[in-house]
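>>> Okay, structure incoming, though there's no sequence with it:
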């Protein structure tokens, strides 16, 4: 339990060891003793998670309007958890941190989704924001692996069709002031009916 990874250990192993350190207080006197309960994955998750305030972006992402695969990417973005090149370099990976889509700047979340010439041509508005982010991320990965980029117009068409298909048959849900404020802080343009 006292093991510490060396500085030349892989970032994955260092992360696993960090989780072990976070869980140590639950084993303070031998077996798992959190809230007088036996160990369970769900109980451990709840204990590690702790009580957190509700985030203003939750309903913007986790609602019936947004396509599920777009929700997941939106959730990663809202948490700042996308593994963009700038973060991979910070984790110690030996890669070029440039943007695969424009090769003009360091690839970070703000650049990739809001500043990159490619993302500006795709367009970002209302519910489409999560779809645009999803497809920009897919194009970034396709470019990284295959070295090819889909034209932005085709990317926009795919987003519009997916969002239209999702919205058909759904009732409009009004956004709260906190949700609108969160989107404004991210410089996202929101159309509220």
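Yep, it's here. Being a predicted model, the structure only gives us computed values, none of them experimental.

>>> Let me see the residues that make contact with the helix or strand hosting residue 132.
According to DSSP states H and E, residue 132 maps onto helix 128-146. Contacts to helix 128-146, defined as Cβ atoms under 8 Å, 6 or more residues apart in numbering, come from residues 61, 66-67, 69-71, 73-74, 77, 82, 99-101, 107, 112-113, 116, 118-119, 122-124, 148-150, 155-156, 158-160, 162-163, 183, 188. (Each C-beta comes from the backbone N, C-alpha and C, glycine too.)

>>> Of those, grab the buried ones for PyMOL.
A single PyMOL command selects the buried members of the contacts of helix 128-146 (16 or more other Cβ atoms under 10 Å):
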select buried, resi 61+66+67+70+71+73+74+77+82+99+100+101+107+112+113+116+118+119+122+124+155+156+158+159+162+163+183+188
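
>>> how does the chain divide up, domain by domain?
Using automatic domain parsing, the domain ranges for the chain come out as 11-49, 58-185.

>>> As JSON lines, those with mean pLDDT and distance to residue 5 would be great.
Shown next, in JSON lines, are those (pLDDT from 0 to 100; distance: least, Cβ to Cβ, whole Å):
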{"stretch": "domain 11-49", "mean pLDDT": "77", "distance to residue 5": "5"}
{"stretch": "domain 58-185", "mean pLDDT": "83", "distance to residue 5": "12"}
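
>>> I'd like those laid out as JSON lines, including distance to residue 1.
Shown next, in JSON lines, are the domains of the chain (distance: least, Cβ to Cβ, whole Å):
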{"stretch": "domain 11-49", "distance to residue 1": "7"}
{"stretch": "domain 58-185", "distance to residue 1": "25"}
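
>>> right, so these: which one is the most enclosed?
domain 58-185 (a mean of 16; mean count of other Cβ atoms under 10 Å).

>>> What distance do you get for residue 79 to residue 19?
17 Å (Cβ to Cβ, to the nearest Å).

>>> quick one, phi psi at residue 91?
The phi/psi pair for residue 91 (degrees, to the nearest 10) reads phi -80, psi 0.

>>> residue contacts, it?
residue 11.

>>> Give the other helices and strands that the next helix or strand after the helix holding residue 132 contacts.
With elements assigned by DSSP H and E, the helix or strand that comes after helix 128-146 is helix 152-167. If contacts are counted by 3 or more Cβ pairs under 8 Å, 6 or more residues apart in numbering; DSSP states H and E, helix 152-167 sits against helix 117-122, helix 128-146.
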